[in-house]
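S.K.: A structural model of the following input is requested.
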Amino acid sequence: MKTKFLQLWLSLVFFSGLSGTVPFAMGFQTLLSPVGVYDIATRLRYTSPDDMELGGIGDDWRTFRAKLVAQERLVEKVQKVQRGKVRRARFPNFFKDAQDTEEVEEGVDFGGEGSLGGGAGLIGETWAHELTSVERGSVLLANENLGGVFMQTVVLILDVKEGGGGATGVVVNRPLQGNLREVAKRGGNVNVASGMQSAFASSRVTFGGPVKPEELAVLHSNPLATGAKEITPGVFCGGSESLRSRFRGTKALFARGHSLWVPGQLERELDRGVWYVASASSNYILRHTQGGKLADQEEDCLWSDIMKDLKSA
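M.R.: Below you'll find the model as predicted:
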């Protein structure tokens, strides 16, 4: 496995010109388990304050990892095509139609303009791949059999506590009826300043979770908002005052309430297969900041789209 990742990494460095930014001294440990600490006992990985500096690649290591995954998918597809050709050459009578092999060849994407990391699931820089542990910025996708309030939800993890101390997240694919101003007018003890209602009147509000539904968190892509915390590359949380006063045009998604796991709870749910764990691109996570008709139509599509990416691996 390590040899395979090394080959993929060297290939990626050669073709993308990253050799000047990713020191070889990072080694296998950093590639296989990038910055932060992974607690094997709890299957939760928390990030340290030094994450932004390690290896010279900053917090963008998630994108780098996604490229590695894309390269691995591409190699697997090419190998599948080659195996099909060998089988056809050795046993021509068994492959007179050869539709399966033909379709595999046509389905291989060798990259091209607009692709991230040479294609294979990252076309247009929209991507998702499975993870073996929960980390800040990862997403949880509800198992197909999970019903109730979390049915087909996509939960963005905002924080993971060290040593299995629990986790916090917000659902990003359950837009409530109406925009921010309309949700605020309906009441229900929603804490939102009048200035924010005015500045972001047309922004969408999602059901973030059942905990503290009177509180609103704001997700956006503006790195200049003072006080905002970067959750994953391209996704920020907070900075309301700065957004209201300086960046009124920022597209934002407000999350009403949040989801909370007490120590040990998420680990038990993962063991039971309640959630799929994935890393996803920012345009997936912030899809509903677009608002309007698009968000209404795609209320239930985000879960399906990310699941398709995971199953294509």
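
S.K.: pLDDT at residue 192, what is it?
M.R.: Residue 192 carries a pLDDT value of 84.

S.K.: and it, how many neighbours?
M.R.: Residue 192 is surrounded by 20 other residues when neighbours are defined as other C-beta atoms under 10 Å. (Each C-beta comes from the backbone N, C-alpha and C, glycine too.)

S.K.: isn't it right up against residue 214?
M.R.: No: using C-beta atoms under 8 Å, residue 192 and residue 214 do not qualify as a contacting pair, with a distance of 9.6 Å.

S.K.: hang on, residue 259 in a strand?
M.R.: Yes: under the criterion used here (DSSP: H, G, I helix; E, B strand; the rest coil), residue 259 sits inside a strand.

S.K.: got the contact list for the particular helix or strand that has residue 215 in it?
M.R.: When elements are defined using DSSP states H and E, residue 215 is found to belong to strand 211-220. Taking contacts as C-beta atoms under 8 Å, 6 or more residues apart in numbering, the residues outside strand 211-220 that touch it are 156, 158, 170, 172, 188-192, 200, 205, 208, 228, 231, 235-240, 243, 250-260, 285-286, 289.

S.K.: mind listing what the helix or strand that comes right after it pairs with, with the direction of each?
M.R.: Per DSSP H and E, the first helix or strand lying C-terminal to strand 211-220 is strand 229-232. For strand 229-232, the pairing partners within the sheet under DSSP bridges are strand 235-237 (antiparallel).

S.K.: so what touches the partner strand?
M.R.: Strand 235-237 is contacted from outside by 137, 156, 158, 217-223, 225, 228-231, 282, 285-286, using C-beta under 8 Å, 6+ apart.

S.K.: just the buried residues out of those, in PyMOL syntax.
M.R.: A single PyMOL command selects the buried members of these (16 or more other C-beta atoms under 10 Å):
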select buried, resi 137+156+158+217+218+219+220+221+222+225+228+230+231+282+285+286
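
S.K.: what mean pLDDT does the helix or strand harbouring residue 68 have?
M.R.: With the criterion set as DSSP H and E, the secondary-structure element containing residue 68 is helix 61-90. Averaged across helix 61-90, the pLDDT comes to 66.

S.K.: same check on stretch 143-153?
M.R.: For stretch 143-153, the per-residue pLDDT values average out at 95.

S.K.: now it: buried residues?
M.R.: By neighbour count, with 16+ other C-beta under 10 Å as the criterion, the buried positions of stretch 143-153 are 143, 146, 150, 152-153.
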